[in-house]
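In: From the sequence below, what's the structure:
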Amino acid sequence: MYFDWTYIILVMPAVLFTMWASSNVKNTYARYSQQYNRRGITGAEAARRVLNANGLHNVPIERVSGELSDHYDPRSNVVRLSEGVYDSTSTAAVGVACHEVGHAIQYAVNYAPVKMRTAILPITNIGARLSMPLIIGGFLLASFSPRFIMLAYLGVACFGLSTLFQLITLPTEFNASRRAVATIEGMGILQGEELDGAKKVLKAAALTYVAALAVSLMQLLRFIIMVSGRRRD
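Out: Prediction:
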């Protein structure tokens with residue numbers, strides 16, 4: 001019976017961290033979805049104010065279905081807010097809406113990490129699809145000739161592109177949250193404990209990206225160890 005110690009020691013702790021981060025962001029969002037701002041500003045209204053304050057009058061805001069499906073679409077140049085954020089006056093909704101506007105601002109000012117993330121996305125998608133077939137194929141064919149292990153190394157390199165994408169995503173998300181908090185505070189949209197609520201929601205959301213990077217890094221290290229061990233054999 002084969003015991004994969006690399007998964008247990010390296011990947012499993014990161015997976016558990018991801019599960020905790022996912023649960024934490026849902027619980028934090030649910031909590032501050034019940035904390036409403038005194039000025040009665042909805043997520044959509046807050047997003048519009050921040051966009052206009054940054055000269056992005058041409059960026060529309062659309063309502064989309066789903067929970068926490070909020071995002072900025074750079075191809076259409078549209079901020080899309082979920083139903084639970086669009087009309088809600090909660091501090092969670094305002095925080096999430098302004099975070100997505102933060103991404104729109106990043107594209108407007110040519111923020112380097114977000115441009116890099118967009119540039120490598122196509123090749124990252126290809127690498128993600130090829131990585132496992134190449135690694136498995138390299139292992140199988142190496143039984144006939146050791147030279148085929150290079151296919152597995154190529155698969156690891158393809159997987160590394162996904163890790164690179166996660167790495168670039170991290171500063172992009174943190175920067176969008178910082179822009180959101182600074183604008184919310186500067187424009188007086190939220191104040192005091194309201195602002196603290198929005199900060200906690202955005203911090204919890206940011207941890208999910210940290211967790212995703214941790215899983216990707218540990219999986220990459222696991223593949224490197226596995227392929228290197230196979231080559232020595």
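In: surely residue 101 meets residue 70?
Out: No: Residue 101 lies out of contact with residue 70 (C-beta atoms under 8 Å); the separation is 10.2 Å. C-beta coordinates here come from the backbone N, C-alpha and C atoms, glycine included.
In: Name the residue in the two with the higher neighbour count.
Out: Between residue 101 and residue 70, counted using other C-beta atoms under 10 Å, residue 101 has the larger neighbour count: 28 against 21.
In: and the more buried one, backbone torsions?
Out: Here is the backbone geometry of residue 101 (degrees, to the nearest 10): phi -60, psi -30.
In: what helix or strand is the closest residue to residue 205 other than its chain neighbours on?
Out: In space, residue 205 comes closest to residue 25 once its chain neighbours are excluded; the distance is 5.3 Å by C-beta to C-beta, 6 or more residues apart in numbering. Using DSSP states H and E, the element containing residue 25 is helix 12-32.
In: What is the least confident helix or strand in this structure?
Out: The weakest-scoring helix or strand in the chain, judged by mean pLDDT, DSSP states H and E, is helix 5-6 (a mean of 85).
In: And it, what does it pack against?
Out: For helix 5-6, the packing partners by 3 or more C-beta pairs under 8 Å, 6 or more residues apart in numbering; DSSP states H and E come out as helix 193-232.
In: Any idea how far the helix it packs on is from the middle of the chain?
Out: Counting by C-alpha atoms, centre = their mean, to the nearest Å, helix 193-232 is centred 10 Å from the centre of its parent chain.
In: Assign the residue of the chain most remote from its centre to one of the three secondary structure states.
Out: Within the chain, residue 144 marks the point farthest from the mean C-alpha position, 40.9 Å out by C-alpha atoms, centre = their mean. Per DSSP: H, G, I helix; E, B strand; the rest coil, the secondary structure class of residue 144 is coil.
In: Return the list of helices and strands in contact with the helix or strand containing residue 99.
Out: Secondary structure from DSSP H and E places residue 99 in helix 91-108. With contacts defined as 3+ C-beta pairs under 8 Å, 6+ apart, helix 91-108 has these neighbours: helix 12-32, helix 43-53, strand 71-73, strand 78-82, helix 83-86, helix 112-141, helix 149-186, helix 193-232.
In: Okay, the residue most central in space within the chain and residue 170: tell me how far apart.
Out: The residue lying closest to the centre of the chain (C-alpha atoms, centre = their mean) is residue 209, at 4.6 Å. Distance of residue 209 to residue 170, given as C-beta to C-beta, to the nearest Å: 6 Å.
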